[in-house]
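# output the structure for:
(2 chains)
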2 protein chains.
Amino acid sequence: MDAEQLRENAHKMVDFIADYYKNLEDFPVLSQVKPGYLSELLPDSAPRQPESLQDILDDVQQKIIPGVTHWQSPNYFAYYPSNSSIAGFLGEMLSAGFNIVGFSWITSPAATELVVVVLDWVAKMLKLPNQFLSSGLGGGVIQGTASEAVLVALLAARDKILRRVGKEYLNKLIVYASDQAHSALQKACQIAGIYSENFRLLKAEQSSNYELVPEVLSEAISIDFSSGLIPFFLCATVGTTSSAAVDPLCALGKIAKASDMWFHVDAAYAGSACICPEFRHHLDGVEEADSFGMNAHKWLLTNFDCSLLWVKDRNALIQSLSTNPEFLKNKASQENAVVDFKDWQIPLGRRFRSLKLWMVLRMYGQENLQNYIRNHINLAKQFEQLVKSDSRFEVMAPRTFSLVCFRLVPPPNHQDNGYKLNYSLMDAINTSGKIFLSHTVLSGKFVLRLAVGAPLTEEKHVEAAWKVLQNHATTLLGNI
Amino acid sequence: MDAEQLRENAHKMVDFIADYYKNLEDFPVLSQVKPGYLSELLPDSAPRQPESLQDILDDVQQKIIPGVTHWQSPNYFAYYPSNSSIAGFLGEMLSAGFNIVGFSWITSPAATELVVVVLDWVAKMLKLPNQFLSSGLGGGVIQGTASEAVLVALLAARDKILRRVGKEYLNKLIVYASDQAHSALQKACQIAGIYSENFRLLKAEQSSNYELVPEVLSEAISIDFSSGLIPFFLCATVGTTSSAAVDPLCALGKIAKASDMWFHVDAAYAGSACICPEFRHHLDGVEEADSFGMNAHKWLLTNFDCSLLWVKDRNALIQSLSTNPEFLKNKASQENAVVDFKDWQIPLGRRFRSLKLWMVLRMYGQENLQNYIRNHINLAKQFEQLVKSDSRFEVMAPRTFSLVCFRLVPPPNHQDNGYKLNYSLMDAINTSGKIFLSHTVLSGKFVLRLAVGAPLTEEKHVEAAWKVLQNHATTLLGNI
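Below is the predicted model:
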């Protein structure tokens, strides 16, 4: 690690990456390689002797890039976005430069304290209740992913209730969410040892716009209580993965509170939109929550990974997740003068992720970030209008943020209710490499999802995506 | 994200980081700030309007760097190292540039397939048994940290045994390790719901060089079996955190196998050394293991995070950790033609971490990496000799790799057996900012740990560290 060699090589890498962005639109968005393609191109053991950076970059160009699905392409509309930005990228560089492992405060005080500062900043941007701020009993922490955020919340809740009722009652603990909740919750339950039959995915119907209906929850809880079971955890979603539905936090939260349950709110995708005053109402009721998560790495220009989690009672997390081995003891920690984020998360080690979020907030500023979100939502509105203007298509769920759920209407009496037709449409489009979108199933129907949110996406890309869809639809319908 | 703006700003960041490395030795290794220092220096809300990169870099210099503990300093000897290298740094840059989220193969085939290729490469460098290679029923995966590696192994083992005996027997499951095992195992047990009284930390004594004695394990297992409990998981360590002790894998593994237990080997730190033929014997017996982990981000020049985990039976992991929501379904996954690493780990999302490991292996080559390890081990040997040459000090555990455990011998009849004396020595040295080292307690004695392993550490730094130690010792002993 010679400083001048680093300088020389890293400048080369900057140019390589800038050129990648310059040429990004020329690549097929979805990688078109076949399974196993790479092992055929690479040797089967590591080289004995060093190779040059140029050789490696040539291989990246010729062998790696064809296998990359370009999440940063302006024509990427699949899943939810994973934003990269100049500020986020620079923050990642700086973090990799320091390369510290910030498990305890002492291992780099700035890495801990900057989390505290920027999570308070974002909490204020979202107008979260004061109990989520670091000044009280709660606070925020950067996790890797929303999966980890919901897992640590679930563990804190599990251990809190088990301390009260006795750990032998693990088999009685009941978790609730709508059937539109992210699969990360199911995984968290598997990890935490919640019995699979005690994981209640309550049906969210089209008639309620795929939101969890409070009465459905109440009823389920009351049945479980009367069966001697122990309801203890509710996860609501603001912006579900399938259709961006928003569960009614206020009503759900009151039910959770009345039953003494932990209430987690997962706003992984749509949380970012709530920095705009006109969308903030989607978080109404978050004051009832015990924990709240949103991913800055999805739609807030912060490179992956950067998942933000706030809790009202940090001690609940710490009681579940702390260890205190001799080799990590130090004066600051022993005196309880500092936060040690190792005790708020699954892994011990932590990267210096707050740098990139801090840089994003400063280099763009709150107003530009709000406008960035608004622009995507407007583009999604335009796309929704295009879908509505073509009678061959239909919109399948309300468009609340930047996700449009739609499908090609199957001809009358068409087999399988349009499943194969829409699958074929998606497959043909993704195989073309021109755009990439993904799907879900809503009320048994195969639905295409177009999520606007890649930083480079402009009006012309959304219009072009629509043309691609129309053309493929024309071909497909002509072949029926 | 304009390509030319990215280029311009990233070139500035490269120079900032290269300058940081140029000036690295001028900073105190251990940050000298006081708790809460940063919130006093930063505003309490995010700016409304954008700020310039130069303003931010000025703040990094003036406000962040004083709060950084410099893991890359040549005078960093604490804990275990966290290596940064040019290749590792470039790999992080490239990964941040693509900014993909590689949960499933389809989301960037190269991100999955490069893991398979490089984990096979490293498995061969370590001469791991063929069952750990991707060609059989096993394979390797990059986790974030060794904590996650041991957790997923534990979950796979837990669910495997519970499928056999019934999930109501969770309360009977017993985990074994030496009391020198890393606290990550305890945390994994907490997360997995293993009863704390069923977590056996078996005493590893000075007389056995802090290695777990097979007979001690056998005896514990047989007592537990006869109490109707279910031994199911054994974790052995190659290079413990306190003293780099190496558990006898072969004997322990045979005991585990005879009791039908999952055998995990944690070589987080010392695994890297085993790429050298002369140190490979420390892994003898790894053929008995069900899972094996080592951290490329510690001592193999790959920037944090990059923890490597191999398993013999990948299906055991997948059975514990997979979910299959509609919105992630895709042809390649449904046809079982590909690996989806989301099912081998806790989080859903994955960064493109294989790039940095691939670049490290190629830019340095196996021989240089071996020499890199040898050089650190030789420096540690030299330091050990220096300690031995000064009768005021004593070595407290065998030096096997690059860690030296030592202390100042307390004067006869000195209170607390030298605890406060050595604590004061460490505190004085760390407060000086000249070097940073950490401690442990072995057989009730406070022990200093000097771990050679920062990439920039040379002979002169080790000699200077020794001088610092001697000088402070002289002062301290003079004051007794």
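# and for residue A:475, the neighbour number?
The burial count assigned to residue A:475 is 12, neighbours taken as other CB atoms under 10 Å in any protein chain shown. C-beta coordinates here come from the backbone N, C-alpha and C atoms, glycine included.
# which residues touch the helix or strand hosting it?
In the assignment (DSSP states H and E), residue A:475 maps to helix A:459-478. Contact with helix A:459-478 is made by A:74-75, A:77, A:379-380, A:382-383, A:386-387, A:390, A:392-393, A:408, A:411, A:421, A:424-425, A:428-429, A:432, A:434-435, A:437, A:450, A:452, as judged by CB atoms under 8 Å, 6 or more residues apart in numbering or on different chains.
# give the buried residues for that helix.
By 16 or more other CB atoms under 10 Å in any protein chain shown, the buried positions in helix A:459-478 come out as A:461-462, A:465-466, A:468-469, A:472-473, A:476.
# closest to chain B among those?
Chain B has its nearest neighbour among the buried residues of helix A:459-478 in residue A:461, at 13.6 Å by CB to the nearest CB.
# and the helix holding residue A:475, average pLDDT?
Confidence for helix A:459-478, expressed as mean pLDDT, is 96.
# same question for stretch A:25-44.
For stretch A:25-44, the mean pLDDT works out to 97.
# can you tell if it touches chain B?
Yes: residues of stretch A:25-44 contacting chain B under CB under 8 Å from any CB of the partner chain: A:30-31, A:33, A:35-39, A:42, A:44.
# which of those residues fall in strands?
Among those, no member is found in strands (DSSP state E).
# which of these has the most neighbours?
Using other CB under 10 Å as the neighbour test, those are led by residue A:30, with 27 neighbours.
# from what I can see that one touches residue A:436, true?
Yes: shown here, residue A:30 and residue A:436 form a contact pair, counting by CB atoms under 8 Å, at 4.3 Å.
# so what sits against both of the two?
With CB under 8 Å, 6+ apart as the test, residue A:30 and residue A:436 both reach A:69, A:78, A:430.
# tell me the contacts of the last one?
This means residue A:430. A:29-30, A:436-437.
# quick one: pLDDT of it?
97.
# mind checking the SS state of it?
helix (DSSP: H, G, I helix; E, B strand; the rest coil).
# quick one, which of the contacts of helix A:459-478 are buried?
If you count burial by 16+ other CB under 10 Å, the buried members of those come out as A:74-75, A:77, A:379-380, A:382-383, A:386-387, A:393, A:408, A:421, A:424-425, A:428-429, A:432, A:434-435, A:437, A:450, A:452.
# strands of the stretch 351-480 of chain A, residue ranges please.
Taking DSSP state E, counting those that start in this stretch to define them, one finds strands in the stretch 351-480 of chain A at A:393-395, A:403-408, A:438-442, A:445-451.
# out of those strands, which is closest to chain B?
Ranking the strands of the stretch 351-480 of chain A by their distance to chain B (criterion: CB to the nearest CB) puts strand A:438-442 first, at 4.7 Å.
# got any ranges where chain A has weak pLDDT?
For chain A, applying pLDDT under 70 flags the ranges A:480.
# apply 50 and report the result again.
Along chain A, segments meeting pLDDT under 50 are nowhere present.
# I'd assumed residue A:384 was in contact with residue A:452.
No: taking contacts as CB under 8 Å, residue A:452 lies outside contact range of residue A:384: 10.2 Å.
# list residues touching both of those two?
residue A:404.
# next up, the contacts around residue A:195.
Shown in contact with residue A:195 (CB under 8 Å, 6+ apart): A:170-171, A:173, B:167.
# per-domain residue ranges of chain A.
Structural domains assigned to chain A are A:3-70, A:92-361, following automatic domain parsing.
# just the helices from the stretch 151-300 of chain A, written as ranges.
With DSSP state H, counting those that start in this stretch, the ranges of helices along the stretch 151-300 of chain A come out as A:183-192, A:214-226, A:249-258, A:296-299.
# out of those helices, deepest packed?
Among the helices of the stretch 151-300 of chain A, ranked by average contacts under mean count of other CB atoms under 10 Å in any protein chain shown, first place goes to helix A:296-299 (a mean of 29).
# can you list the residues of the stretch 201-350 of chain A near chain B?
Checking the stretch 201-350 of chain A against chain B by CB under 8 Å from any CB, the hits are A:241-242, A:297, A:303-305, A:320-321, A:323-329, A:331-332, A:337-338, A:346-349.
# can you list which of the residues you listed are found in helices?
A:297, A:320-321, A:331-332 (DSSP state H).
# residue A:399 is in contact with residue A:387, correct?
No: under the criterion of CB under 8 Å, residue A:387 makes no contact with residue A:399, lying 9.3 Å away.
# so what's the closest residue to chain B within the stretch 101-250 of chain A up against?
At 2.9 Å from chain B, residue A:110 is the closest residue in the stretch 101-250 of chain A, using CB to the nearest CB. Contact analysis of residue A:110 by CB under 8 Å, 6+ apart lists A:352, B:31, B:33, B:38, B:63-68.
# please redo it, this time with the cut-off set to 6 Å
Neighbouring residues of residue A:110 by CB atoms under 6 Å, 6 or more residues apart in numbering or on different chains: B:64, B:67-68.
# show me which of those is closest to chain A.
Nearest to chain A among those, counting by CB to the nearest CB, is residue B:67 at 2.9 Å.
# which of the three states applies to the closest residue to that closest one other than its chain neighbours?
Once flanking residues are discounted, residue B:67 sits nearest to residue A:110: 2.9 Å by CB to CB, 6 or more residues apart in numbering or on different chains. The three-state assignment at residue A:110 reads helix, by three-state DSSP.
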